[in-house]
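[1] attaching a predicted model along with its sequence, questions to come.
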Amino acid sequence: MAKKIVHNILLVPVDFTSFSEEALVFASGLAKCMSAQLLVLHVIHDPAESPGFYARKHKKKKYLQSLEEAAEEMMQEFLEKMRQAFPGNEPIQKATPLLVVGTPVTRIVEIAETKQASMIILGSQGRTGLSNLLLGSKAAQVVQLSTIPVTVVKTPKMK
C-alpha cells in the first residue's frame, strides 16, 4: 500500500490590515515548527454585492481599477512589505498568495476544505460587547463554521 503524503498547509486569510500582518507573523512561527506551507488568502468581495471598481491613488494620480486588479496589486504589496520586514523568515518568504471572489466567511471555510488546510489562522480587531453584536465578527463566524482548528490572533487596541 502506498504511503499518503500529507502536506501541512496553514491558511491565513488577510485583508491587508495590521491585524492580518500580526496573524501572518504568528502563522509563520507555527509553520516553521510544523514544517508547513503558508497559503495567504484574500477574498475579493462578490462584485454582485459591491461596485466593480476601486478608486486608488497612485503617485498622486487617481485611477479606477477592477476589484480583481486592485486586490492582486494589494496582495503583492502586502507580501512584499512582509517579506522585506522579515527577510530571514522562510515561511513568509515562501508564502503562496491566493485570490478568490465571494463572501469572505464562506469562501475562507471552503478554501480551507478544498486545499486540505491543517488550520486557519486569522487576525481580529478584538471587538467585544455591543460593537461585536452589531457588526458581527468574521473571525467568530469562521470559528463556528470551520471543521478544522481556527486560531484567532487578537491585536491589542491602539491607545
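    Looks like it arrived, so ask away. Numbers count the residues shown, from 1 in each chain.
[2] output the lowest mean pLDDT helix or strand found in this protein.
    helix 129-135 (a mean of 46; mean pLDDT, DSSP states H and E).
[3] from the contact counts, what lies against the longest strand anywhere in the chain?
    Ranked by residue count and defined by DSSP state E, the top strand of the chain is strand 37-45. If contacts are counted by 3 or more Cβ pairs under 8 Å, 6 or more residues apart in numbering; DSSP states H and E, strand 37-45 sits against strand 9-13, helix 18-34, helix 67-85, helix 90-93, strand 96-102, helix 104-114. For glycine as for every other residue, the C-beta is placed from the backbone atoms N, C-alpha and C.
[4] redo these as TSV? Include distance to Val43.
    Output for the helices and strands packed on strand 37-45, formatted as TSV (distance: least, Cβ to Cβ, whole Å):
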stretch	distance to Val43
strand 9-13	7
helix 18-34	12
helix 67-85	9
helix 90-93	20
strand 96-102	6
helix 104-114	4
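[5] pick the most buried one from those.
    Of all those, strand 9-13 carries the top mean neighbour count, a mean of 26, counting by mean count of other Cβ atoms under 10 Å.
[6] contacts for that one, please.
    20, 23-24, 27, 30-31, 34, 36-43, 95, 104, 108, 111-112, 115-122, 142 (Cβ atoms under 8 Å, 6 or more residues apart in numbering).
[7] so what strands line up beside the longest strand of the chain?
    strand 9-13 (parallel), strand 96-102 (parallel) (DSSP bridges).
[8] helix, strand, or coil at the closest residue to Phe78 other than its chain neighbours?
    Distances taken as Cβ to Cβ, 6 or more residues apart in numbering place Phe16 nearest to Phe78, at 4.8 Å, with adjacent residues excluded. At Phe16, secondary structure determined by DSSP: H, G, I helix; E, B strand; the rest coil is coil.
[9] Phe16: what's it in contact with?
    Taking Cβ under 8 Å, 6+ apart as the criterion, Phe16 is in contact with His42, Met74, Met75, Glu77, Phe78.
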